[in-house]
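Next one to model:
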Amino acid sequence: MVAGRLQEKNGYFYMVLSYTTADGKRKQPWVATGLPVKGNKKKAEQMLRDLRKSYVPPKAERKGELHPDMLFSDYMLYWLKIIRPSVQETTWSSYCFNIKDHIVPYFEQTGMTLAGLQPRQIQSYYLHELETLKATTVLRMHANLHKALKYAVRLELIPGNPVDKVERPKPEKYIAGYYNAEEMEELFEVAKGHRLELIIQFAAFYGLRRGEVLGLRWEAVDFEANTLTIRHIVTSTNIEGKHILVQADRAKTKSSLRTLPLVETFAQRLKALKEQQAYNEKVCGNCYNRKYKGYIFVNEMGDLIMPNTVTEGFAKLLADNGLRKIRFHDLRHSCASLLLKHGVPMKQIQEWLGHSDISTTANIYAHLDSQSKQLSAETMANTLILPEGEPLKQW
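Numbering: from 1, shown residues only. Below you'll find the predicted structure:
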């Protein structure tokens, strides 16, 4: 039977085991009890006794091989390598953050094996993270754990997915921020002549995501057919400590690939911008950066406008002019709210914004859909005729 003791941490009891491996290394895995310190000492001591009797130290690691007796933390790192070729850079960056910065540090100290992982330990992990993180963030970790352990089931490393038996955190209701028409007009006014002027106008008018605006290229503009095609993105992410610029011929989802009408005002401004870029390239000569030639939003020297530049510049523009603080992405929400206010059906808004499913659009903007509620009220008023006169007083 392995040695063990109770340890208090963040107001909870933890069981700390102690044993020596075959190669002479001392291991002290921590196992969460999920019990608050106050009033639970006897129960925690019994859990420790039971764990010491049942705990079987993991066998010597078989390097380079997936097996049930490997540490669960090692399995998660191994799974990260497996999944990398099949996901986009931004997705993999998110996986790395969740797994390397949160999941692995927590489970590594427990010494828990892949085969030994139980639903109660995952539940304790969620409770631990919810002390400092939002439920939405913990839900992403839940999704990572479920996907990783589903793969382990498929490889017959474990008989079932323990995450299926865990109560997942309930996400907070998200209410999108937005500007009304008057605020949008004021924003357009203060943005006149600003380097982000046209970027802001595209995001607000077409409801584009930041990556979609910056990913616009001249080949996506058809001046004869008066269309604008959204099919390329520019965004950034951090992978293993390195800042990576992502340029890809894709959008967030299949539905994000869409063609929109190019209204005359934007057509004229784009033609003027194209002429200005040709002039800048001629004047700058060899100093002009031709690496990003073809992109609509480059600066005077041909350098691509970076995502962080837009985010920071937009926030500063609002602050400098005393405008209400919103995120750049909230320009997209502002577009949706204005469409709803003027009676555009939810299905058409879904297609305009490029949501993959109408439920996504409805979940985000249903609280703004006053038009449909008014129609419902009028329908009921015309269908059910209420009696005239004062109601009888019963009390």
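
Show the average pLDDT along the longest strand seen in the chain.
As assigned by DSSP state E, the longest strand anywhere in the chain is strand 12-20. Average pLDDT, strand 12-20: 88.

ok, and what's touching that strand?
2-8, 26-37, 40-41, 44, 47-48, 51-52, 55, 57, 111, 128 (CB atoms under 8 Å, 6 or more residues apart in numbering). The C-beta positions use only the backbone N, C-alpha and C, and glycine is treated the same way.

Partner strands of the very next helix or strand once past it and their direction?
Where DSSP states H and E defines the elements, the next helix or strand beyond strand 12-20 is strand 26-27. Strand 26-27 has the following strand partners under DSSP bridges: strand 12-20 (antiparallel).

Using CSV, list the CA coordinates for the partner strand.
The C-alpha trace of strand 12-20 is given here as CSV (Å, rounded to 0.1, in the frame of the first residue of the first chain):
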residue,chain,number,x,y,z
TYR,A,12,-10.3,22.0,-0.4
PHE,A,13,-8.7,18.7,0.7
TYR,A,14,-6.3,17.0,-1.7
MET,A,15,-4.8,13.5,-1.2
VAL,A,16,-1.1,13.4,-1.8
LEU,A,17,0.3,9.9,-2.4
SER,A,18,4.0,8.9,-2.3
TYR,A,19,5.8,6.0,-3.9
THR,A,20,9.1,5.2,-5.6
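
Would you map the helices across the stretch 151-300 of the chain?
Assigned by DSSP state H, counting those that start in this stretch, the helices in the stretch 151-300 of the chain fall at 181-190, 197-206, 210-214, 264-284.

Of all those helices, which one is nearest N321?
In terms of CB to CB, the element of those nearest to N321 is helix 181-190, at 4.2 Å.

as a whole number, average confidence for the closest one?
So the average pLDDT for helix 181-190 ends up being 94.

what does stretch 279-299 give?
Mean predicted confidence for stretch 279-299 is 94.

Give the buried residues for it.
281, 288, 292, 295-298 (16 or more other CB atoms under 10 Å).

cool, stretch 100-109 as well?
Buried-residue list, stretch 100-109, by 16+ other CB under 10 Å: 102-104, 106-109.

Also stretch 47-60?
Of the residues in stretch 47-60, those buried (16+ other CB under 10 Å) are 47-48, 51-52, 55, 57-58.

the strands in the stretch 251-395 of the chain, which residues?
258-261 (DSSP state E, counting those that start in this stretch).

quick one: which of the buried residues of stretch 100-109 is nearest L273?
Taking the buried residues of stretch 100-109 together and measuring to L273 by CB to CB, the closest member is H102, at 43.8 Å.

how about the closest residue to that closest one other than its chain neighbours, what does it touch?
Setting aside the residues directly before and after it, H102 is nearest to M141 in space (CB to CB, 6 or more residues apart in numbering), at 6.1 Å. The contact partners of M141, by CB under 8 Å, 6+ apart, come to 98, 102-103, 126, 129.

Identify the farthest-apart pair in those.
N98 and Y126 (12.7 Å).

Next, the residue nearest to H102: secondary structure please.
Here M141 is helix, with the state taken from DSSP: H, G, I helix; E, B strand; the rest coil.

And the pLDDT at it?
As predicted, M141 sits at a pLDDT of 95.

Check what contacts stretch 265-284 and list those residues.
Here stretch 265-284 has contacts from 198, 201-202, 205, 218, 221, 223, 226, 228, 262, 288, 290, 293, 296, 298, 300-302, using CB under 8 Å, 6+ apart.

among the residues you listed, which ones are buried?
198, 201-202, 205, 221, 228, 262, 288, 296, 298, 302.

mind saving the C-alpha coords of stretch 125-142 as CSV?
What follows is stretch 125-142, C-alpha atoms only, in CSV (Å, rounded to 0.1, in the frame of the first residue of the first chain):
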residue,chain,number,x,y,z
TYR,A,125,-11.2,19.6,-12.2
TYR,A,126,-14.1,21.7,-13.5
LEU,A,127,-15.0,22.9,-10.0
HIS,A,128,-11.3,23.9,-9.6
GLU,A,129,-11.2,25.9,-12.8
LEU,A,130,-14.6,27.6,-12.2
GLU,A,131,-13.1,29.3,-9.1
THR,A,132,-11.0,31.5,-11.4
LEU,A,133,-12.4,31.1,-15.0
LYS,A,134,-15.7,31.8,-16.7
ALA,A,135,-18.0,28.8,-17.4
THR,A,136,-17.6,29.5,-21.2
THR,A,137,-13.8,29.0,-20.9
VAL,A,138,-14.2,25.8,-18.9
LEU,A,139,-16.7,24.5,-21.5
ARG,A,140,-13.9,24.8,-24.1
MET,A,141,-11.7,22.6,-21.9
HIS,A,142,-14.7,20.2,-21.6
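
can you pull the buried residues of that stretch?
Buried residues in stretch 125-142 (16+ other CB under 10 Å): 125-126, 128-129, 133, 137-139, 141-142.

so which two of those residues are the farthest from each other?
Top of the distance list for the buried residues of stretch 125-142 (CB to CB): H128 and L139, 14.8 Å.

just to revisit the earlier point, separation between the residue nearest to H102 and H329?
23 Å (CB to CB, to the nearest Å).

Could you do S124 as well?
Taking CB to CB, one finds S124 at 34 Å from H329.

Between these two, which has more neighbouring residues?
S124 (21 against 16; other CB atoms under 10 Å).
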